[in-house]
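**Student:** test case, fold it:
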Amino acid sequence: MDVRSLPPPFVVGETYLDRDGEYVVVATDGDLLTYERADGKRAEADVETKARIHRNMLLELGGRPALRNRRVTFRGRRPVGFTHSEAFPIIAAIIRQRSNSSEDFMSHERIVNALIEDGEMAPILRQLAEHDPQQKPASWWANNMVAWFSQVFTIGRSDWDRQFVRRKISGNWAYAKAERS
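**Tutor:** Next up, the predicted model:
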């Protein structure tokens, strides 16, 4: 994946990276981004500038930062320590890998199960379940990540919209590689 080609990644409530660390997007209004640091301080910045910085951070970290050694904490009910923009490439890789060995669409449930078993995401999911003040299980967190992956795809902000085709199966989106034979 070429991180430089991603659209501005910002989803309100999500965590992103810049040179000063992680921040949570509070609002977007046209070209203006409002974000908040873990210490509660808020700031505003140009969306394109923040997107470029975030992409550069991901590039410096190899396009996909190693998550398995991360420590996840919670700020209130919000997890801190990973971002959807880090999890989405893992979800896409799972779909791609499974699509190579099967002609079937990969269902939401199969993606969730594969995410739970993934060596990169399993430690993050365990930490989320262990530290969640609401005591949601790892399967809930994996389900949530896959649902957000689908949401970003639906609103047209996914980097993978040309790589995958999808269809509804049992009320959820299922995915397969677009260039299937």
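**Student:** domain assignment for this structure?
**Tutor:** For the chain, the structural domains run 3-60, 73-177, going by automatic domain parsing.
**Student:** now do the contacts for the residue nearest the centre of the chain.
**Tutor:** Geometric centre of the chain, nearest residue: H84, 2.0 Å, by CA atoms, centre = their mean. Neighbouring residues of H84 by CB atoms under 8 Å, 6 or more residues apart in numbering: 11, 14, 145, 148-149, 152. (Each C-beta comes from the backbone N, C-alpha and C, glycine too.)
**Student:** now render these as JSON lines, adding neighbour count.
**Tutor:** Output for those, formatted as JSON lines (neighbours: other CB atoms under 10 Å):
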{"residue": "V11", "neighbour count": "18"}
{"residue": "E14", "neighbour count": "16"}
{"residue": "M145", "neighbour count": "23"}
{"residue": "W148", "neighbour count": "17"}
{"residue": "F149", "neighbour count": "24"}
{"residue": "V152", "neighbour count": "21"}
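**Student:** in helices only, show me the residues you listed.
**Tutor:** 145, 148-149, 152 (DSSP state H).
**Student:** looking at those, spot the one nearest A51.
**Tutor:** V152 (14.2 Å; CB to CB).
**Student:** right, I'll call it a day here.
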